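K.L.:
Generate a structure from the sequence data that follows.
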Amino acid sequence: MNIDKHFLNKKCEVNHCQLRGSRPLKNWKRTEMNWYCEEHFLEYAASRNQKLSAFIEKNRDPEQRKSLSEEQLKLYKHYTEENS
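P.N.:
Numbers count the residues shown, from 1 in each chain. As a prediction, the model looks like this:
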């Protein structure tokens with residue numbers, strides 16, 4: 001497997017973690033890319049999925065979705081309707 005050398009030198013973004021060889025993962029809002037070592041990647045991915053599930057559950061009701069911003073509504077549709 002050919003891994004980009006840039007990834008091998010990228011430092012984990014978790015405070016006080018000095019590990020390198022991080023993996024990229026966009027936040028659930030798809031606004032920024034974060035980098036995590038293997039250990040923190042799994043923790044962050046689980047946290048990311050919990051936040052996304054809470055967002056979808058909270059906005060499942062069409063009346064609740066009326067209060068979402070245009071950007072938030074696009075996110076809701078991206079994760080629900082497009083991927084159903």
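K.L.:
following the helix or strand harbouring Arg48, which helix or strand shows up next?
P.N.:
Per DSSP states H and E: Arg48 is located in helix 38-58. Per DSSP H and E, the first helix or strand lying C-terminal to helix 38-58 is helix 62-65.
K.L.:
Let me have that next one in CSV, keeping just the CA atoms, if that works.
P.N.:
C-alpha atoms of helix 62-65 as CSV (Å, rounded to 0.1, in the frame of the first residue of the first chain):
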residue,chain,number,x,y,z
PRO,A,62,-40.8,18.0,9.9
GLU,A,63,-42.0,20.7,12.2
GLN,A,64,-38.6,20.7,14.0
ARG,A,65,-36.8,20.9,10.6
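K.L.:
For Ser47, see how far away the spatially most central residue of the chain is.
P.N.:
By C-alpha atoms, centre = their mean, the chain has its centre lying nearest to Asn27, at 2.5 Å. Applying C-beta to C-beta, to the nearest Å, the value for Asn27 to Ser47 is 10 Å. For glycine as for every other residue, the C-beta is placed from the backbone atoms N, C-alpha and C.
K.L.:
Check Tyr36 too.
P.N.:
Relative to Ser47, Tyr36 is positioned 11 Å away (C-beta to C-beta).
K.L.:
more neighbours, those two?
P.N.:
Legend: neighbour count by other C-beta atoms under 10 Å for Tyr36 and Ser47, higher for Tyr36 (22 against 12).
K.L.:
for this protein, where's the lowest mean pLDDT among helices and strands?
P.N.:
Every helix and strand of the chain was ranked by mean pLDDT, DSSP states H and E. The lowest is helix 5-9, at a mean of 60.
K.L.:
Report the distance from stretch 68-83 to the chain centre.
P.N.:
A distance of 14 Å separates the centroid of the chain from that of stretch 68-83, by C-alpha atoms, centre = their mean, to the nearest Å.
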